[in-house]
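Below are the sequence and a predicted model; questions follow.
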Number of protein chains: 2
Amino acid sequence: MTPILHEHAASGNCYKIRLTAALAGVAIERREYDITAGETRTPAFLAQVNANGRIPVLQIGDRFLPESGAACAWIAAGTPLIPSDRFDHANMLRWMFWEQYNHEPNIATLRYWTTVVGLDRLSEAQLAQVAGKRAGGAAALALLEGHLVDRTWIIGGAVTLADLVLYPYTSRAGEGGFDLSPHPHLRRWLRQVEQLPGFIPFT
Amino acid sequence: MTPILHEHAASGNCYKIRLTAALAGVAIERREYDITAGETRTPAFLAQVNANGRIPVLQIGDRFLPESGAACAWIAAGTPLIPSDRFDHANMLRWMFWEQYNHEPNIATLRYWTTVVGLDRLSEAQLAQVAGKRAGGAAALALLEGHLVDRTWIIGGAVTLADLVLYPYTSRAGEGGFDLSPHPHLRRWLRQVEQLPGFIPFT
């Protein structure tokens, strides 16, 4: 039974799951949706795949698992990508929650608004948030840079899901107007992820 | 070695951890910060406790664990609050991520803006987000109601961290202007949490 990834390939949240599957050696099928055409808001999608109207969703048999971090956790279960040590495990989750709360809503959203919606087509409510998201995203990147000064990987000595979920939108932060050039440790860490055996690019 | 919770007691994200500790039978010490006075943004706090300037942070010996979901996971490790089944475990994480992405930024933020900041004192950028957060929070509550129609607990037959992290801000949604009266299954589920042996109220 091969899991099916319901996704939009250009979404970093979907790429996280493909990257985790590639590094964990787990085969997945892919089913593409056009989010700009509302294909994840149809009655059928809401009833069967995700009542929240969002991708990615990982389908395992007849069960559906929304939320990228949860899908990564299912795929990587039992592999070294998830530490078994009690503190390391919780610390990995800490960075996965932080990514979804402090990093993705700023950096991924500005990338989407810049490259898909168009900054000149934002609603007033969106426009009012641009400055806050720019500051929040820059702060998130600076925090990561400081964190990586004396660490090889996000939670220490080995690559975990924390690295894999932070890689996609950090690597494309430039598309949302962020500048990684002042962050050498962050750029070194991005290259490390790209050199992992089995790495697949974000395309 | 008793873990120390660096917290602001009125924060639902901090209460989640106290509730998890109470139900898991794990003793914790508490250290209170006045977030409105900037006590989590001091140079000492940023350097030692959390570079992100936020509480809660769970201190375990000389190591610090920010993010409420991560702290709950550390505390509940090895207890039935965290399912061992591969799908159930990932499904628990799914709701924990959803809470931080779709529920807390709408429902908790509107509660904070209403009860602490004051809706008449919001910045223009905050004011521009009120309507979106009201709609997003209402949608999150409606999604939970639909999910609980045919389920006892969030992920099925037993209480898990998914219930404990969703309880705090759902139970106080009214303080942010949300109405739970159209959601009987949600109200039934709130009462169930309150009847768990060892439950402590959000005070």
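Here it is on my side, so go on.

Need the contact partners of stretch A:150-167.
Applying CB atoms under 8 Å, 6 or more residues apart in numbering or on different chains, the external contacts of stretch A:150-167 come out as A:16, A:19-20, A:23, A:68-69, A:72-73, A:76, A:80-83, A:88, A:91-92, A:94-96, A:99, A:103, A:144, A:147-148, A:189-190, A:192-193, A:196. Using the backbone N, CA and C atoms, a C-beta is placed for each residue, glycine as well.

So which bits of chain A are right by chain B?
Selection of chain A residues close to chain B by CB under 8 Å from any CB of the partner chain yields A:51-52, A:60, A:63, A:65-71, A:73-74, A:77, A:86-87, A:89-91, A:93-94, A:96-98, A:100-102, A:105, A:124-125, A:128-129, A:131-132, A:143, A:146-147.

so which strand or helix has the residue nearest to A:Leu93 when sequence neighbours are not counted?
Leaving out its chain neighbours, the residue that sits closest to A:Leu93 by CB to CB, 6 or more residues apart in numbering or on different chains is B:Ala70, at 4.4 Å. Under the criterion DSSP states H and E, the helix or strand holding B:Ala70 is helix B:68-76.

could you give the mean pLDDT of that helix?
Per-residue pLDDT over helix B:68-76 has a mean of 98.

Just the buried subset of the contacts of stretch A:150-167, please.
Buried positions within the contacts of stretch A:150-167, assessed by neighbour count (16 or more other CB atoms under 10 Å in any protein chain shown), are A:16, A:19-20, A:23, A:68-69, A:72-73, A:76, A:81-83, A:88, A:91-92, A:94-96, A:99, A:103, A:144, A:147-148, A:189-190, A:192-193.

confidence score at the residue of chain A positioned farthest from its centre?
The outermost residue of chain A relative to its centre, with distances by CA atoms, centre = their mean, is A:Glu124 at 26.7 Å. Here, the pLDDT recorded for A:Glu124 equals 93.

Tell me which residues touch it, please.
Applying CB under 8 Å, 6+ apart to A:Glu124 gives the contacts B:Ala128.

A:Asn178 contacts A:Ile107, doesn't it?
Small correction: residue A:178 is Phe, not Asn. Yes: in this structure A:Phe178 lies within contact range of A:Ile107 using CB atoms under 8 Å: 6.4 Å.

what number of residues lie near the residue nearest to A:Leu93?
26 (other CB atoms under 10 Å in any protein chain shown).
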